[in-house]
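Enquirer: All I have is the shape, not the residue letters:
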């Protein structure tokens, strides 16, 4: 009977090794640094450690370690849906001369340019009329200046034209109807005619009769813009044709303040004003060409 025990014990070991292979080989599983091997609930999650995740395994060392400082590859991939633009003085702005176009609706209720966030203008109370900046700011812009800046927010200038950098045709359409038949329309379209040639159109229209007598504004602006560059980026041309036409009425303010303070008349168009037939008319047509040539090939 004693001679049978070694054979029986060997048979038991063989059965265990076949049923439970983990007992018959060395544990070669790699665990994260600082995690105990017998803590099975803290095993690495393959969805967290995938290459597309923010975290990735650093395998450069002897022991693989989870590195949370690895850049997220998804975050740094270029988004073809984003639109970038730049201005005509881009060479003076350094490497970050492009701006990401805001396609959200944040601040859409502030559609009147003088009343947008960050601007401090006093206006005549109707979109499209004259305004003045309450914060001193010198007018340092390229091109000819008439010396009249009361309508700058409703006019195109060479320094305000956006030249887009797009991969696909881009169109921005904006339309708002306000009180007293007020209408605001903006159309901005840009597309690549070729990989080295871009053509765009920006149109704006403001028409607002206003609340008081002789307060109408009727402004029309458009600019045709283009960008041409060689395939080696050594030569570039920026050009535009600009048209600004403003027709506004001037009433000089209400004649009697007591009518406004006491709110005697419920309708504002019945309040007397100082000027009954005064008008202001402005028209501007201009073109702009800027050429750049890089002497070096680098």
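Expert: Looks like it arrived, so ask away. Since this is a predicted model, take the numbers as computed values, not measurements.

Enquirer: rest of the way, CA atoms for contacts and neighbours
Expert: OK.

Enquirer: And the strands in the stretch 101-250 of the chain, which stretches?
Expert: Along the stretch 101-250 of the chain, counting by DSSP state E, counting those that start in this stretch, strands occupy 121-123, 131-133, 163-165, 170-177, 183-194, 197-208, 217-229, 235-250.

Enquirer: Please convert those strands to a markdown table, extending it with mean neighbour count.
Expert: As requested, the strands of the stretch 101-250 of the chain are exported to a markdown table (neighbours: other Cα atoms under 10 Å):
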| stretch | mean neighbour count |
| --- | --- |
| strand 121-123 | 15 |
| strand 131-133 | 17 |
| strand 163-165 | 23 |
| strand 170-177 | 13 |
| strand 183-194 | 16 |
| strand 197-208 | 20 |
| strand 217-229 | 20 |
| strand 235-250 | 19 |
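
Enquirer: Would you mind telling me which of the ones you listed is nearest residue 85?
Expert: Residue 85 lies closest to strand 163-165 among those, at 4.1 Å (Cα to Cα).

Enquirer: neighbouring contacts of the closest one?
Expert: By Cα atoms under 8 Å, 6 or more residues apart in numbering, the residues outside strand 163-165 that reach it are 83, 84, 85, 86, 87, 88, 190, 225, 226, 227.

Enquirer: Centre of the chain to it, how far?
Expert: The chain centroid and the centroid of strand 163-165 are separated by 12 Å under Cα atoms, centre = their mean, to the nearest Å.

Enquirer: one step back: so which of the strands of the stretch 101-250 of the chain gets nearest residue 108?
Expert: strand 170-177 (9.7 Å).

Enquirer: I'd like to check the angle between the closest one and strand 183-194, please.
Expert: Taking axes from the mean of the first three to the mean of the last three Cα atoms, to 10 degrees, one finds that strand 170-177 is oriented at 170 degrees with respect to strand 183-194.

Enquirer: Next, the angle from strand 170-177 to strand 197-208.
Expert: Counting by the same axes, to 10 degrees, strand 170-177 lies at 0 degrees to strand 197-208.

Enquirer: Quick one: mean pLDDT over stretch 109-126.
Expert: Averaging pLDDT along stretch 109-126 yields 91.

Enquirer: Give me the buried positions along that stretch.
Expert: By neighbour count on 16 or more other Cα atoms under 10 Å, the buried set for stretch 109-126 is 114, 115, 121, 123, 124, 126.

Enquirer: now do the same end-to-end measure for it.
Expert: 15 Å (Cα to Cα, to the nearest Å).

Enquirer: what does stretch 88-101 give?
Expert: Where stretch 88-101 begins and where it ends lie 16 Å apart, using Cα to Cα.
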